[in-house]
Structure formats: C-alpha cells, structure tokens
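Trainee: can you look at this prediction? I've put the sequence above it.
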Amino acid sequence: MTTAPAIELRTFTTLDHVRSDLIDVYAEVRAPLLHLPNYAVTAFGERLDRHGGEPGFSAVLAYADGHPVGYAYGNTIENGDRYWQRTTPEPAAKYTEHPTVALKEIGVSPAWRGTGTARRIHDTLLAARQEPYVTLMVNPAAGDGKVHGLYRSWGYEDIGQSQPSPASPVLTVMIRATH
C-alpha cells in the first residue's frame with residue numbers, strides 16, 4: 001500500500017498572509033492556460049479578491065517543504081445568488097433553499113496530480129462547513145473529460161450549465177452533499 005505524500009494542509013479564512021501563495025500555485029497549476037483571458041493571473045487575482053471578500057470564504061492550501069503545491073477555496077452562496085441565477089435549468093429548491101458552499105477553485109501542481117492531494121484538500125475544505133451541499137463548476141472538456149469524471153467519482157452530479165462571464169466557456173454545474 002502506498003502512503004500519501006508528505007504534505008501539510010493549512011486552512012485560511014481571509015486572504016491575509018495567503019494571497020501571494022494562492023496566486024503562485026494558481027499560476028503553476030494553470031500554466032498551459034494562462035494565455036487565455038479568463039485564466040490570466042490578473043483575472044484570477046481579481047476573482048480571488050472578490051471571492052475573498054464574500055461571506056463564508058475559506059481556503060485550504062497544501063504545502064510540501066514550505067512550497068504551495070495545491071489549493072481550494074470557496075464561499076457561502078444563498079438562494080438568489082448570481083451563481084444560481086446563471087445556472088440553467090434552475091436548480092431544484094432543495095439545493096438553493098439553504099446556504100450552499102460554492103467551491104470556486106481547486107487545483108494541484110502537475111507533480112502532485114494523481115497522489116490524492118486534491119481529494120485531501122477538498123475534504124479538508126468541506127470538513128468544517130455547515131452547509132448541506134457543495135457545488136462547483138467544471139469545464140467538461142478539461143483533461144479530455146477526466147476532471148469531470150473525477151468529480152463524479154467524488155459524488156458530484158450534474159445539475160445544469162453556466163457561463164459565468166463572456167470570456168468563460170460553458171461550464172457544467174455539479175453538486176453533492178457536503179458530508
């Protein structure tokens with residue numbers, strides 16, 4: 001049996017002291033896509049600042065030898081949030097009638113993919129959450145569909161589509177119970 005790589009998971013509830021690490025690891029994770037306007041580091045920084053100021057923000061970063069190698073962050077969304085307004089078809093009321101965790105970003109450096117690190121980050125982020133559901137958006141073409149399949153293996157199911165911005169591709173909206 002293989003043991004999990006030696007990483008340290010750290011949880012943050014503000015961007016103070018972690019913003020630069022988030023941007024650094026994002027740039028490494030998304031390197032092949034940084035030439036696309038929606039994936040540019042500056043666009044990510046703007047989204048990060050907006051998300052970091054929203055209710056219920058939390059982030060988990062994975063560190064190996066003091067270097068960030070993966071991350072996830074999310075925040076709480078309520079019924080009527082623009083996240084739900086852009087989702088078609090309209091999600092079932094059971095998903096929107098209570099606050100929900102929106103997993104806004106998750107990524108792991110290429111050298112750490114396939115090690116279980118992403119799942120550990122994901123599960124650590126959700127462990128402290130009280131919301132009954134977690135939702136995320138995924139580009140169905142990412143990794144030739146492998147990323148979408150990975151989320152399905154984690155218990156997520158498709159509930160609709162969304163295009164968060166004109167520069168964004170049409171994404172699949174997925175949801176599952178938090179615990």
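Mentor: Cool, got the structure. Numbering: from 1, shown residues only.
Trainee: rest of the way, CA atoms for contacts and neighbours
Mentor: OK.
Trainee: what residues are up against the residue nearest the centre of the chain?
Mentor: Closest residue to the average C-alpha location of the chain: Glu105 at 2.5 Å, with Cα atoms, centre = their mean. Residues in contact with Glu105 (Cα atoms under 8 Å, 6 or more residues apart in numbering) are 71-74.
Trainee: quick one: which of the residues you listed is nearest Val134?
Mentor: Checking the contacts of Glu105 against Val134 with Cα to Cα, the nearest one is Gly74 at 9.3 Å.
Trainee: any idea how far the residue nearest to the centre of the chain is from Val138?
Mentor: According to Cα to Cα, to the nearest Å, Glu105 and Val138 sit 10 Å apart.
Trainee: still on that earlier bit, bridged to the residue nearest to the centre of the chain, which residues?
Mentor: Tyr73 (DSSP bridges).
Trainee: which pLDDT value does the model give it?
Mentor: For Glu105, the pLDDT comes out at 95.
Trainee: assumed Arg152 was part of a helix.
Mentor: Yes: according to DSSP: H, G, I helix; E, B strand; the rest coil, Arg152 belongs to a helix.
Trainee: from Thr96, how far out is it?
Mentor: Distance check for Arg152 against Thr96: by Cα to Cα, it reads 20 Å.
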